[in-house]
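J.: coords below, sequence missing:
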C-alpha cells in the first residue's frame, strides 16, 4: 500500500521534495504531468529521479490542455515568448498557467486514494507566492479542505513542506540530501542546456549562490542572473 503521491515536475524544488519525503520515511508514488508545456526535458528528469530512488513513476498525459489553455497567453502553453529576467519583474506573470496546481492536485489526490495513500505532496514555496495564486498558503488550505470533503477521509493531507521556505532554503536542503542537481531541469526554454536568462534559471542560480551550494548545472548565459539580482 502506497503512503502517498507526490507531484514531481523534474525541477530542483520537486526533486528535492522527493528526496525530502524519502528521508522522512514517507516514500511516495510519483506523478508527473504532460499538459502540453513547451518541452518535456523536466519529465525525463522526474523519471530519472524515481528510478534512482526506486519509486513508482507515472506520467499523466493531457497534452490537449495546451490548446485549451492557450488563450491565457501563458508562455508555457502558447507561442508567447518566455520572459527573461528576475522573478520580481512584472513580466513573470506571463508564466502563469491557469489553475495548474488545482488540476494536478485533484488528479494526484484521486490516485492516492485509489492506491490507499493518505497524502498528496507538492513543492510550492514562498518564492512562488507573489506570482502564482495557486502556490499560496490560502490555496493549499482550501485544497486541504476540499480534498477531505471530496474523499470523505479526514486524515488525508495536502503536504507542502516548503510552503513557507525561500528558494535558497530548498537549495540548501538539496545540498544536505545530496540531490543530484545537474539532473534536475528548471529552464522554461528547453534548449540544449539551461538558458540562464528565464525567470526560473535566474531564481535557481540566485538560490544556489545564497545557499552556498555548488551548482553543476550548465547555463548558456551563466552570468546574466547577477545583473538581474543587482538591478
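T.: Received the coordinates, thanks. As the structure is a prediction and not an experimental result, all values here were calculated from the model. Numbering: from 1, shown residues only.
J.: tell me which stretches of the protein form strands.
T.: Taking DSSP state E as the criterion, the chain contains strands spanning 5-7, 29-34, 57-61, 119-121, 157-159.
J.: got the buried residues for the longest one?
T.: Residues 29, 30, 31, 32, 33 are the ones in strand 29-34 that count as buried (16 or more other CB atoms under 10 Å). (Each C-beta comes from the backbone N, C-alpha and C, glycine too.)
J.: and the strands of the chain: which comes nearest residue 46?
T.: Nearest of these to residue 46, taken as CB to CB: strand 29-34 at 4.4 Å.
J.: which strands or helices does the closest one pack on?
T.: Secondary-structure packing of strand 29-34 (3 or more CB pairs under 8 Å, 6 or more residues apart in numbering; DSSP states H and E): strand 5-7, helix 41-53, strand 57-61, helix 100-114.
J.: would you turn those into CSV with distance to residue 187?
T.: As requested, the helices and strands packed on strand 29-34 are exported to CSV (distance: least, CB to CB, whole Å):
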stretch, distance to residue 187
strand 5-7, 19
helix 41-53, 8
strand 57-61, 20
helix 100-114, 18
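J.: CSV for the strands of the chain, including mean pLDDT and distance to residue 40?
T.: Shown next, in CSV, are the strands of the chain (pLDDT from 0 to 100; distance: least, CB to CB, whole Å):
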stretch, mean pLDDT, distance to residue 40
strand 5-7, 98, 16
strand 29-34, 98, 7
strand 57-61, 98, 9
strand 119-121, 98, 22
strand 157-159, 98, 26
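J.: to residue 184, which of these lies closest?
T.: Using CB to CB, the strands of the chain put strand 29-34 closest to residue 184, at 12.7 Å.
J.: that older thread, now render the strands of the chain as CSV, adding distance to residue 43.
T.: Converted to CSV, the strands of the chain look like this (distance: least, CB to CB, whole Å):
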stretch, distance to residue 43
strand 5-7, 12
strand 29-34, 5
strand 57-61, 7
strand 119-121, 18
strand 157-159, 22
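J.: for residue 203, which of those is the nearest?
T.: Per CB to CB, nearest to residue 203 of these: strand 5-7, 19.1 Å.
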